[in-house]
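Colleague: For reference, the sequence and a predicted model appear below.
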Amino acid sequence: MSGLAMARRLRAAGSENFVVFEKASSVGGTWRENTYPGLACDVPAHYYCYRDKLGPGWTRMFAPGEEIKSSFEDVATSEDLLRSVRFDTEVVSACFENGQWQVTTSDGRCEPFDAVVCTTGVLHRPRVPDIDGLSTFSGPVFHAHGGTTAWMSPVRRTDPSRLAADVFQSTGAADRLRSARVHAAHADHRARGLHPR
């Protein structure tokens, strides 16, 4: 969202001399990475729009994640922003030396830039809680912010008499718990402690 927003602003200002580094193979950010059942926006979806692109006509006030992702993909395509994106290229460091930024990417390249705008997201980096027995548990275990739909198949196809537990603290927990109740005989939610400040 923020990388595309910056690209839009630079383009509107008449600049074509920029690159957006994207570590994945497509745009969408957190809405691409998070795919758990019931994923939805935790604020009214119109807040997840650019002010001049007010969304595609959301199906719900708190729109499903796939709708939000699609709206960003549509903006990137319709405004020809994809030609300015370098996909599958993660920035691993940026150092200011001799009046320029030296940006090093995961492919080992180092390039100079006059300016760097950090538009990274962090809502897809798992923070796995320390739970006794987790390492030896033999059932399906997944993290909602794992960036893959692979976990959905084994969980959805399990025996409906099985139990499900959700350990999380966010509105995403409500999304997943609602979905887990459809696929399990009993769903339990445990909130971890507050983040230290």
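Modeller: On my side now, so go ahead.

Colleague: hey, let's count contacts and neighbours off CA atoms from now on
Modeller: Fine.

Colleague: Nearest residue to F72 in space, ignoring adjacent ones along the chain?
Modeller: By the measure of CA to CA, 6 or more residues apart in numbering, the closest residue to F72 outside its immediate chain neighbours is G28, 6.2 Å from it.

Colleague: Residues contacting stretch 107-119, please?
Modeller: In this structure, residues lying in contact with stretch 107-119 by CA atoms under 8 Å, 6 or more residues apart in numbering are S2, G3, T89, G99, Q100, W101, Q102, V103, T104.

Colleague: Now for the third one, how many residues are close by?
Modeller: Neighbouring residues of T89 were enumerated by other CA atoms under 10 Å; the total is 19.

Colleague: The fifth one too?
Modeller: Using other CA under 10 Å as the criterion, Q100 is surrounded by 15 other residues.

Colleague: In contact with V27, which residues?
Modeller: By CA under 8 Å, 6+ apart, the residues touching V27 are F72, E73, A76.

Colleague: Correct me if wrong: the last one contacts S2.
Modeller: Translated: A76. No: here A76 lies out of contact with S2, judged by CA atoms under 8 Å, at a distance of 11.8 Å.

Colleague: re earlier: show the pLDDT at the residue nearest to F72.
Modeller: G28 is assigned a pLDDT of 89 by the prediction.

Colleague: now swap in V19 and tell me
Modeller: The score at V19 is 96. That number is its pLDDT.

Colleague: Output the contacts of V27 in TSV; the columns should cover secondary structure, neighbour count and pLDDT.
Modeller: Shown next, in TSV, are the contacts of V27 (DSSP: H, G, I helix; E, B strand; the rest coil; neighbours: other CA atoms under 10 Å; pLDDT from 0 to 100):
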residue	secondary structure	neighbour count	pLDDT
F72	helix	23	92
E73	helix	19	94
A76	helix	22	96
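
Colleague: Okay, now the unreliable bits of this structure?
Modeller: Applying pLDDT under 70 to the chain flags residues 122-127, 140-197.

Colleague: So it: which segments form each domain?
Modeller: Here the domain assignment for the chain is 2-113, 134-190, based on automatic domain parsing.
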